[in-house]
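Got a predicted model here, sequence first, then my questions.
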Amino acid sequence: MRIVLFGPPGAGKGTVASVLVARTKAVHIATGDLLRAQMKEKTQLGERARAYIDKGELVPDELVIAMAEARLDLGDAAEGFILDGYPRTISQAEILDRFLSCRGHNLEGVFELQLAEDVIIRRLSGRRICPACETIFNVYTLPPKVEGLCDKCGAALITREDDNPKSIAVRFKTYQAQTAPLLDYYRSRGLLFAVDASAGAERATEQILKMLEKDGKAAPTKG
Ligand code: AMP
């Protein structure tokens, strides 16, 4: 499986990816998670990325592409990967195509998680993450068993720095301006599939697996 999960911030890409990982051999590669790990370790990359991330802007391509390629080249991605939050610009997409074709691979599909904007905003404001094991919760849709604590490791849950109203607004604008144009890029290559994400991660995952099972026979999104 070599796929991209696509959609605006808060569409549920991370949650769908974790359900997919549990059912397949593919690894979940989220550039947002990789960047946050760099920030946590206070590496040079993390410090450079922080200024962009906290404001809700995209981190420059040259920083993100090298990091994503290094991750894709690790052995565990050979069995397959689920890209989440990457690519996010046309140039990232073009470079990803070249990177994969040099290795004799290609993307099997780009799955656009579709969800109404008011639902997305509610999801983002309710999102909580575990700083230790990175599990995602949501106070409205996926609450932890004990309020404020991670089900898996017991750590105190936090709100992401960029899940504040100001950054959320910038992230939406950034998505429309720089990332949404990728829909046409993948649609014109016959790789784009629409997924109804309103019924939750399990149902969205079922749709993706069904489309992949059809092995390219599913009808890609038109127009
Ligand atoms: P995410 O966790 O995917 O919402 O990403 C959080 C933030 O990390 C984004 O708002 C960007 O600032 C940055 N980021 C993640 N992935 C990329 C990417 N592919 N290109 C540029 N910036 C990125």
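That came through, no problem. Numbering: from 1, shown residues only.

quick one: secondary structure of residue 207?
Following DSSP: H, G, I helix; E, B strand; the rest coil, the label given to residue 207 is helix.

so what pLDDT did it get?
With respect to pLDDT, residue 207 has a value of 94.

Next: the one 10 residues further on.
At residue 217 the predicted local distance difference test score is 47.

Could you do residue 222 as well?
pLDDT, residue 222: 54.

mind listing what the residue of the chain found nearest the ligand touches?
For the chain and the ligand, the shortest gap (C-beta to the nearest ligand atom) falls at residue 32, measuring 2.0 Å. Glycine gets a C-beta too; all of them are placed from N, C-alpha and C. Contacts for residue 32 (C-beta atoms under 8 Å, 6 or more residues apart in numbering) come out as 53, 84-85.

Then residue 47?
Counting by C-beta under 8 Å, 6+ apart, residue 47 touches residue 39.

give me the element it is part of.
helix 44-55 (DSSP states H and E).

Going by neighbour count, which residues in that helix are buried?
45-46, 49-50, 52-53 (16 or more other C-beta atoms under 10 Å).

is the ligand contacted by that helix?
Yes - counting by C-beta under 6 Å from any ligand atom, the ligand has neighbours in helix 44-55: 52-53.

what mean pLDDT would you report for that helix?
On average, helix 44-55 scores 93.

Dump that helix to CSV, restricted to CA.
Output of helix 44-55 as CSV, limited to C-alpha atoms (Å, rounded to 0.1, in the frame of the first residue of the first chain):
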residue,chain,number,x,y,z
GLN,A,44,18.1,22.9,14.2
LEU,A,45,15.3,21.7,11.9
GLY,A,46,12.8,21.8,14.7
GLU,A,47,13.8,25.3,15.7
ARG,A,48,13.5,26.6,12.1
ALA,A,49,10.1,24.9,11.7
ARG,A,50,8.6,26.2,14.9
ALA,A,51,8.1,29.7,13.7
TYR,A,52,6.0,28.6,10.8
ILE,A,53,4.1,25.8,12.6
ASP,A,54,3.0,28.0,15.5
LYS,A,55,1.6,30.6,13.1
